[in-house]
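> 3D model of this:
(one chain, ligands or ions: 1)
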Amino acid sequence: MRKITLSVCKVYRNTGRFRLHRKKTKKAWKHFFLEEDEPDEFNFGTEWVDSITAQFLKLKKLHKRWFICIGCRQWFYSYVKNARATPECPYCEEE
Ligand SMILES: [Zn+2]
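Below you'll find the predicted structure:
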């Protein structure tokens, strides 16, 4: 099953509805991802990871960026690996 990393954050382990944390509360890495069940069907999921896994996930993390298509002048967003990536315009593809 394919997992798409959205973000890796350091968060308090026992976050709940309480706004204040106890001083002894430790922060841990949490992995937010999309999991592909079937092609083009994604489920949002989270999991706790150790710090080494967190660094690795950060490297392959995808960035949500907005693009404007020169052809049809429509804005669209896409998940890209780096700033130089130029994804295909979803509107032009339909034609
Ligand atoms: Zn376009």
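> buried sites along the biggest helix by length in the chain?
Ranked by residue count under DSSP state H, the longest helix found in the chain is helix 51-59. Neighbour counts over helix 51-59 (16 or more other CB atoms under 10 Å) mark 54, 57 as buried. C-betas here are computed from N, CA, C, even on glycine.
> cool, stretch 71-87 as well?
Residues of stretch 71-87 classed as buried by neighbour count (16+ other CB under 10 Å): 76, 78.
> anything in that stretch near the ion?
Yes: using CB under 5 Å from the ion, stretch 71-87 reaches the ion at 71-72.
> in this structure, where is pLDDT below threshold?
1, 14-24, 83, 93-95 (pLDDT under 70).
> get me the contact residues on it for the ion.
Proximity of the chain to the ion (CB under 5 Å from the ion) is limited to residues 69, 71-72, 89, 91-92.
> any chance of a markdown table for those residues, columns secondary structure?
Formatted as a markdown table, the residues of the chain next to the ion follow (DSSP: H, G, I helix; E, B strand; the rest coil):
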| residue | secondary structure |
| --- | --- |
| Cys69 | coil |
| Gly71 | coil |
| Cys72 | coil |
| Cys89 | coil |
| Tyr91 | helix |
| Cys92 | helix |
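> how much space separates the nearest residue to Trp29 once chain neighbours are set aside from Trp75?
Take Trp29 and drop its neighbours on the chain: the residue closest to it by CB to CB, 6 or more residues apart in numbering is Ala54, 3.7 Å away. From Ala54 across to Trp75, the span is 32 Å (CB to CB, to the nearest Å).
> in the chain, which spans are helices?
Counting by DSSP H, the segments of the chain that form helices are 51-59, 90-94.
> name the residues that touch the longest one?
In other words, helix 51-59. The contact list for helix 51-59, computed with CB atoms under 8 Å, 6 or more residues apart in numbering, reads 5, 8, 10, 29, 31, 49.
> how's this protein carved up into domains?
Domain assignment of the chain by automatic domain parsing yields the ranges 1-61, 62-95.
> quick check: bridge partners of Ser7?
Ser7 has these beta-bridge partners by DSSP bridges: Phe32.
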